[in-house]
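Q: 3D, please:
(one chain, ligands or ions: 1)
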Amino acid sequence: MIKAIAYTTLLLSCSVGFADTNCSPTAFGNNNGSIPPKSEYSGPLFQLSHNYPEKSNAGSTPWRTAIDNKPITVANANQYVEALKQYISADFRAMIANANWDPAKNGWYHAPWLSCEREAIHGMYVGSSDFDKDLFDGSGLKKDFSTYVLTMYNDVAGPTLKHVWGETAQTPTITQDSSQFAENAIVTKYAFTTANGDNWDAMQGALQWPLYITVNATTGNHKTAQLNNASLMQFDLIVKDSQSAPNTGWVFATLVYDKDAPGKDVWDKMVPLGAMWGNDPQVNSTKNPNQPLTENWINPAAPAYAKMTLGWGDRLSGPNDGGRNDAIVMVDGKKTKMDNLPSSSCMSCHGSAEWPMHSFLLPTTTNPPQSSGDYLVMWPPGSPQWMQWFQSRPGNVPQDIGTTAFDYDMVFVFKSLQAWQSATTGRPTLLQGLDRTGKPINKFKNYNGVEVDQ
Ligand code: HEC
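A: Predicted coordinates for the structure are as follows:
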């Protein structure tokens, strides 16, 4: 119940970020107000790209042609993901090679209202505050780590930001139409880990970016922002494609860093971990663990560390995604602790994208989740309630009746709409201040495992 107290404190203080300054978010603000001194960092700072287009023309669709315009399958998913990666390669090589890369000029957009969470240099915010090193047992990881993430929408996805946020982002339009993405919309999200090559062999040679951050489970820095390098570990790449994926309308893919992959640069070494285009609701993986999945493909050649955190029944989930969680489950009327329980997948978690969020991201019995220490109270794996998180719904059908479905987009419902609501109505949502795994982000375990306040 300690956590419940922490939630209450958060609600009273309206805390949405973790800047050193007392930050009030603005719709199009760039950062949390902690700016690195010039003596430490003199490069460019993050600029929010928010000139969202009203309309845009979908270009070519090489990912569809790569699979002969047929539905995506376990057998052809690899070609599909490679074609998708190829399509965005020029933009992302430029970004990786060039620190002055300008998303606005290249037609990529960011979500509003997250200024108080964004660090100043790359606009990244905490994905998960503390990944236990035992999640990656055997991978050579020496310490816990935090992840920092940034989402970018391409010019076909951009109009959805315009339709919901309008010119000013003060009064969002939330309807079943405005929340939907156009065919061929592409959304990317990249995740950096604070465990660099010196603490995690798997990150040797990875792209490193300087970030100006407080939350860092690897070093235990948490009082004031400091310049820290972080390494590009995971790169999510999703596309609206109702032709290839008629059940859900989306293909979710992710690339992970593989230090041993062939190639000339870090972009070549970002290899597919897999793809999914549905949750395989017909397979109850607790009851029938060996029944094969038909809406999920995992790349057998992906690096070992990245396959340690796959989701329920080995559905796709990446090392940044919190697909495994410490859970308390009622079994035969008795509370049972399950460590690192595979309890999610990309599309299971994103399937709860609805406003307001009646269900939590994970199959927990309540929202916000009840917890004891780090353990979240969940429905029994494979139970009918649990299966609500493992359906293959179209993006305009919400998980819970009476809410507006947000076409699998989590930044809207879990991040920016909540920040907007809290800033403009003074009515913080219950989820404010939790990281994706349900942990309060202003509670922070230092590297000795001691919980400290930020
Ligand atoms: C346990 C929950 C969870 C899982 C599993 C998960 N995500 Fe997410 N994802 C989120 C949340 C929350 C956000 C929004 C906040 C943020 O940016 O981190 C998000 C944001 C994203 C975004 C930015 C656009 C959007 O929808 O908001 C993409 C793209 C994305 N995730 C792809 C993936 C892919 C691909 C996987 C699987 C490999 C995955 N996610 C697994 C919770 C999850």
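
Q: switch to C-alpha atoms for all contacts and neighbour counts from now on
A: Fine.

Q: For whichever residue of the stretch 251-400 of the chain sits closest to the ligand, which non-adjacent residue is spatially closest?
A: Evaluated by C-alpha to the nearest ligand atom, the stretch 251-400 of the chain has residue 346 as its residue closest to the ligand, separated by 3.4 Å. The spatial neighbour of residue 346 that comes closest, neighbours along the chain excluded (C-alpha to C-alpha, 6 or more residues apart in numbering), is residue 317 at 5.4 Å.

Q: ok, the one you found touching residue 344?
A: Yes - counting by C-alpha atoms under 8 Å, a contact exists between residue 317 and residue 344, whose distance comes to 7.4 Å.

Q: When those two are compared, which one has more neighbours?
A: In terms of neighbours (other C-alpha atoms under 10 Å), residue 317 is the more surrounded of residue 317 and residue 344; the figures are 33 against 30.

Q: Confirm that one sits in a strand?
A: No - looking at residue 317 with DSSP: H, G, I helix; E, B strand; the rest coil, it is coil, so not inside a strand.

Q: For this protein, just list every one of the helices.
A: 2-13, 62-66, 77-97, 158-165, 346-350, 384-387, 410, 417-425 (DSSP state H).

Q: So for residue 317 and residue 344, which residues contact both of them?
A: With C-alpha atoms under 8 Å, 6 or more residues apart in numbering applied, the overlap between the contact sets of residue 317 and residue 344 consists of 311, 323.

Q: what about the stretch 1-150 of the chain, any weak spots by pLDDT?
A: Judged against pLDDT under 70, the low-scoring parts of the stretch 1-150 of the chain cover residues 1-21, 98-100.

Q: Quick check: residues of it near the ligand?
A: Residues of the stretch 1-150 of the chain lying close to the ligand by C-alpha under 6 Å from any ligand atom are residue 127.

Q: from the stretch 1-150 of the chain, which residue is nearest to the ligand?
A: With C-alpha to the nearest ligand atom as the measure, the residue in the stretch 1-150 of the chain that lies nearest the ligand is residue 127; the distance is 4.8 Å.

Q: That residue contacts residue 146, correct?
A: Yes - using C-alpha under 8 Å as the test, residue 127 is close enough to residue 146 to be in contact (7.5 Å).

Q: Pull the contacting residues for residue 184.
A: Residues near residue 184 by C-alpha under 8 Å, 6+ apart: 58, 61, 156-157, 239-241.

Q: quick one: which of the residues you listed has the most company?
A: Greatest neighbour count in the contacts of residue 184, by other C-alpha under 10 Å, goes to residue 157: 27 neighbours.

Q: how about that residue, what does it touch?
A: The neighbours of residue 157, taking C-alpha under 8 Å, 6+ apart as the test, are 181-182, 184-187.

Q: And the furthest pair within those?
A: In terms of C-alpha to C-alpha, the contacts of residue 157 reach their longest pairwise distance at 182 and 187, which sit 11.6 Å apart.

Q: Mind checking which of these two has more residues around it?
A: Neighbour tally, residue 182 and residue 187, criterion other C-alpha under 10 Å: the higher count belongs to residue 187, 22 against 19.

Q: looking at the sheet around the more buried one, what are its partners?
A: Applying DSSP bridges to residue 187 yields these beta-bridge partners: residue 153, residue 238.
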